[in-house]
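Trainee: give me coordinates for this.
(chains A and B)
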Amino acid sequence: MKPGLLPRLALISVVGLVLAYLILPVLIIVPISFSDARFLRFPPTGFSLRWYVEYFGSRNWMDATGVSLAIAILTVLVATPLGVAAAYAITTSRHPLMRAIHLVLMLPLIVPIIIVAIGIFFVYSRLGLVATLPGLVLANVMLGLPYVITAVAAGLQRFDPVQEMVARSLGMNRLRAFLVVTLPQIKASVVAGAVFAFISAIDETIIALFVSGGQYQTLTKRMFTALRDEIDPTIAAISTLMTAASFMLVLIATSRGNRRDAQG
Amino acid sequence: MAAGVSDPSLRHRRREQGLMFLLASPALVVVLALVVVPVGWLMGQSVFDHGFTLENYRRIFVEPIYWRSFSLTFRFAFEVTVLALLLGYPVAYVATAVGRPWDILIMSLVILPFWTSVLVRAYAWLVLLQRTGVVNHLLADLGLIDEPLALVHNELGTVIATVHILLPFMVLPLYSAMQKIPRDLLQASASLGCGPWPTFVRVFLPLSLPGVLAGLTLVFVLALGFYITPELLGGGRTIMVSMVVSRNVELYDQWGAASAVGVILLACVLAIFVVVGRALPLDRVLGHR
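Mentor: Got it, this is the predicted structure:
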C-alpha cells in the first residue's frame, strides 16, 4: 500500500505544521527572555540579560523558587518509596481487591484538579495546614503517586519475578531480595517515575493557588498572579529556565531505560 | 525451586496477601486523605446547610448563569477534543509509518511540550496572540492585516492554547494503538487488490479505534475541568465550570454553591469514564497520562 507522492507530501506537511504548533510556542519564550525591550517584540530588538538579572535579584522570586524546589524534592522523597511499594503490591498480588486499590490510586488523574483543590483547601483550613510545607508536600505526593506507580508497574511487568524468588530461596529475606535483585533491574523505571513526580510538583499550579501563600508561596502561584495583572518579561526568563530544566530531566528519565517507561 | 518457595499453604498465602495490602496502604492512605475525603466532604457540604437541602442544586438548574457556564464548558471541551483528534491522528499515523529515527523525533516533539509547565505554555500563547503580540506583528508586517486580530482574551485564544496543551494526550494513546496494528495485515489487504485509501478506511482505521476512544476520553475529560488557560487567556468572558467553582470559593465564599457545581462536574467525568470503561479497560485509557 504505497499511496501516491502527492498525498504523502500533503500528509507530511500537515504533520510538520502540527509539530511546529506543538514545539514553537515552547521555544519562542527563549528569544523573548533575552530581549532588552520592556514590551514584547518578535524578533527581539536587542540582546540583554536584564530579565534574568531581575529574576535572580528579586527576593520574592528567589523565595518562591526555593519553596517550589523544597516542595518538589520532599515530594520525590516521599512519593517514590510509597509509589514503588504500591506498584510492587499491585503487580504481585492477584487479589480482586487490589484492582480496586489500583483504581483508587489513579483517582488523582481522574478527578478534575479544581475539585480536588477546593476540597483540599476546605479540609486544610479546618486542620490549619493552609500555607504550610507539610500540607503542600502531601498534596503533591498525592498528585505524583500515579506517575511513580504507572512507571514502576510497567518496569515490574517486564521483570521476571522468579529471579527474586530464587534469591529468597537462597536465604535472603524478602526486603533484601527486592533491594539487591529486583530494584537494580527496575532502576530506570523508578528514576523515570521520580523525575515525573518532581516535574509535576514543580509545575503544579491549581492546588498551590488555594493552599500556598505567605511564607510558603510557590513559584507557579507567583507566576500566575503576575500573569493575571500584566505580562512581565521576567516570566519569560523564569519560563526559559523551567523549560530547560524539565527538558533535561525528561531526557535523563527517558535515556536511562526503555522509552516505554517514560510514556507511562 | 520457585514452586517450593511459593508453596500454596493457605496460611502462607494469607500472610503474603496481608503483606501486599500493607505495602499498598501508605499510598492508599495518602490518596484517600487527599482525594476521597475532601471530595466526600464537598459532596456533603453541597446538600447540608443547617440541615439537608437541595437549594444549591436547585439554583444551578434555575439560574441561567450556571446553565450558560455548563453549556459553554461542554461546547469548549467538544471543540478542543475534535480539533485534537484532527491534528493528532495524522501525527500518530505518520509516526507509526516512518521508520527510525523519524518516529523517535516525532514522538519527542510530542512528549517534550507535554512535560513543559502548563503555565509556561499559557504565557507563551499570551505573548504570541495578544494585540501587540508576535502573530499580529507578523501578519501586519506581511501586509495581511491592517488592524490587529483579537486572538486572545476570548474563547478562540483559550481553544488554541488548550488544544496545544492537550494534544499529547490524544497522540500518545493513538500512537500506542497504531503500533499494535500488524503491518502484514496492511500488506495482505494491498496484495488482495485493495488500494491505499480503502485499506486505510477498512483495515487501519477500525483497528486504531481503541486509541481514538482513549484519546477522545482523556482530552474531553481534561478539557471539561480545565482551569489555567480559560482563566489566563479567556479574558474574563469565557467563564468555565472550573472558574465558577473557584470564584464561588475565592470571591464570594459560597462553599455550598461551589461544592454543588464541583459535584455535578465530577459526576459528568465519572459517568464518561464508566461508559467508556465498558468498551475499554480503564488502565488502557489512563496508561498514557
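
Trainee: what helices and strands are in contact with the longest helix seen in chain A?
Mentor: Longest helix of chain A, by residue count under DSSP state H: helix A:59-92. With contacts taken as 3 or more CB pairs under 8 Å, 6 or more residues apart in numbering or on different chains; DSSP states H and E, helix A:59-92 sits against helix A:96-105, helix A:133-157, helix A:187-203, helix A:219-229, helix B:10-31. The C-beta positions use only the backbone N, C-alpha and C, and glycine is treated the same way.

Trainee: dump the ones you listed to a markdown table, plus mean neighbour count, distance to A:Asp36 and mean pLDDT.
Mentor: Converted to a markdown table, the helices and strands packed on helix A:59-92 look like this (neighbours: other CB atoms under 10 Å in any protein chain shown; distance: least, CB to CB, whole Å; pLDDT from 0 to 100):
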| stretch | mean neighbour count | distance to A:Asp36 | mean pLDDT |
| --- | --- | --- | --- |
| helix A:96-105 | 16 | 49 | 92 |
| helix A:133-157 | 25 | 36 | 94 |
| helix A:187-203 | 24 | 28 | 93 |
| helix A:219-229 | 19 | 20 | 88 |
| helix B:10-31 | 16 | 47 | 90 |
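
Trainee: pull out the buried positions in the longest helix of chain A.
Mentor: With burial defined by 16 or more other CB atoms under 10 Å in any protein chain shown, the residues of helix A:59-92 counted as buried are A:61, A:64-65, A:67-68, A:71-72, A:74-76, A:78-80, A:82-92.

Trainee: could the helices and strands packed on helix A:59-92 be laid out in a markdown table, adding distance to B:Leu216?
Mentor: Formatted as a markdown table, the helices and strands packed on helix A:59-92 follow (distance: least, CB to CB, whole Å):
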| stretch | distance to B:Leu216 |
| --- | --- |
| helix A:96-105 | 20 |
| helix A:133-157 | 20 |
| helix A:187-203 | 24 |
| helix A:219-229 | 29 |
| helix B:10-31 | 26 |
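
Trainee: do stretch B:253-273 and chain A meet at all?
Mentor: Yes: Stretch B:253-273 reaches chain A (CB under 8 Å from any CB of the partner chain) through B:Trp255, B:Ala258, B:Ser259, B:Gly262, B:Leu265, B:Leu266, B:Val269, B:Leu270, B:Phe273.

Trainee: what does stretch B:38-56 contact?
Mentor: Applying CB atoms under 8 Å, 6 or more residues apart in numbering or on different chains, the external contacts of stretch B:38-56 come out as A:111, A:115-116, A:118-120, A:122-123, B:57, B:255-260, B:262-263, B:266.

Trainee: now the helix ranked longest in chain B: buried residues?
Mentor: Counting residues, the longest helix found in chain B (DSSP H) is helix B:64-97. Buried residues in helix B:64-97, counting neighbours by 16+ other CB under 10 Å, are found at B:66, B:69-70, B:72-73, B:76-77, B:79-81, B:83-85, B:87-96.

Trainee: check which helices and strands it is in contact with.
Mentor: Applying 3+ CB pairs under 8 Å, 6+ apart, one finds that helix B:64-97 contacts helix A:5-33, helix B:55-62, helix B:102-114, helix B:155-179, helix B:205-224, helix B:241-250.

Trainee: and it with helix B:155-179, angle?
Mentor: In terms of direction (axes from the mean of the first three to the mean of the last three CA atoms, to 10 degrees), helix B:64-97 departs from helix B:155-179 by 40 degrees.

Trainee: from the chain's centroid, how far away is helix B:64-97?
Mentor: Helix B:64-97 has its C-alpha centroid displaced from the chain centroid by 9 Å (CA atoms, centre = their mean, to the nearest Å).

Trainee: same question for it, mean pLDDT?
Mentor: Helix B:64-97 shows a mean pLDDT of 93.

Trainee: and the angle for that helix with helix B:55-62?
Mentor: With the same axes, to 10 degrees applied, the angle from helix B:64-97 to helix B:55-62 works out at 80 degrees.

Trainee: thinking again about what came up before, okay if I get the helices and strands packed on helix B:64-97 as CSV plus mean neighbour count and distance to A:Ala244?
Mentor: Putting these into CSV (neighbours: other CB atoms under 10 Å in any protein chain shown; distance: least, CB to CB, whole Å) gives the following:
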stretch, mean neighbour count, distance to A:Ala244
helix A:5-33, 16, 9
helix B:55-62, 15, 44
helix B:102-114, 19, 11
helix B:155-179, 24, 19
helix B:205-224, 21, 26
helix B:241-250, 22, 30
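
Trainee: so which of those helices gets nearest B:Arg278?
Mentor: When these are compared by CB to CB, helix B:205-224 sits nearest B:Arg278, at 11.0 Å.

Trainee: after that closest one, which helix or strand is next?
Mentor: Later in the chain than helix B:205-224, the nearest helix or strand by DSSP states H and E is helix B:228-233.

Trainee: for the closest residue to B:Leu28 other than its chain neighbours, what are its contacts?
Mentor: Sequence neighbours aside, A:Ile101 is the residue nearest to B:Leu28 in space, at 5.8 Å (criterion: CB to CB, 6 or more residues apart in numbering or on different chains). A:Ile101 makes contact with A:Ala86, A:Ala89, A:Ile90, B:Phe21, B:Ala24, B:Leu28, according to CB under 8 Å, 6+ apart.

Trainee: low-confidence ranges, the stretch 151-289 of chain B, go.
Mentor: By pLDDT under 70, the weakly predicted segments of the stretch 151-289 of chain B are B:283-284, B:287-289.

Trainee: whoops, chain A was the one
Mentor: A:1-3, A:38-44, A:256-264.

Trainee: so it: which segments form each domain?
Mentor: A:1-48, A:60-263 (automatic domain parsing).

Trainee: could you pull up phi and psi at A:Tyr216?
Mentor: Phi and psi for A:Tyr216, reported as degrees, to the nearest 10, are phi -110, psi 70.

Trainee: one step back: what about the helices and strands packed on helix A:59-92, which gets the closest to A:Ile28?
Mentor: Across those, closest to A:Ile28 is helix A:219-229 (CB to CB), at 15.8 Å.

Trainee: and the next helix or strand after that closest one, what other elements does it pack with?
Mentor: On the C-terminal side of helix A:219-229, the nearest following helix or strand under DSSP H and E is helix A:234-255. Packing partners of helix A:234-255 (3+ CB pairs under 8 Å, 6+ apart): helix A:5-33, helix A:50-57, helix A:187-203, helix A:219-229, helix A:259-263, helix B:102-114, helix B:118-129.

Trainee: angle of the longest helix of chain A against helix A:219-229?
Mentor: Taking the same axes, to 10 degrees, one finds helix A:59-92 and helix A:219-229 inclined to each other by 120 degrees.

Trainee: now helix A:59-92 against helix A:187-203, angle please.
Mentor: Using the same axes, to 10 degrees: helix A:59-92 against helix A:187-203 is 140 degrees.

Trainee: can the domains of chain A go into TSV with extra columns for distance to B:Val37?
Mentor: TSV is the format used below for the domains of chain A (distance: least, CB to CB, whole Å):
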stretch	distance to B:Val37
domain A:1-48	37
domain A:60-263	6
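
Trainee: without its sequence neighbours, what residue ends up closest to the residue of the stretch 101-250 of chain B found nearest chain A?
Mentor: Closest contact between the stretch 101-250 of chain B and chain A, by CB to the nearest CB, is at B:Gly225 (2.7 Å). Using CB to CB, 6+ apart and skipping the chain neighbours, the partner closest in space to B:Gly225 is A:Pro112 (2.7 Å).

Trainee: roughly how far apart are B:Asn136 and B:Glu147?
Mentor: Separation of B:Asn136 from B:Glu147 (CB to CB, to the nearest Å) stands at 9 Å.

Trainee: out of the two, which sits in the busier spot?
Mentor: More crowded of B:Asn136 and B:Glu147, by other CB atoms under 10 Å in any protein chain shown: B:Asn136, with 20 against 8.
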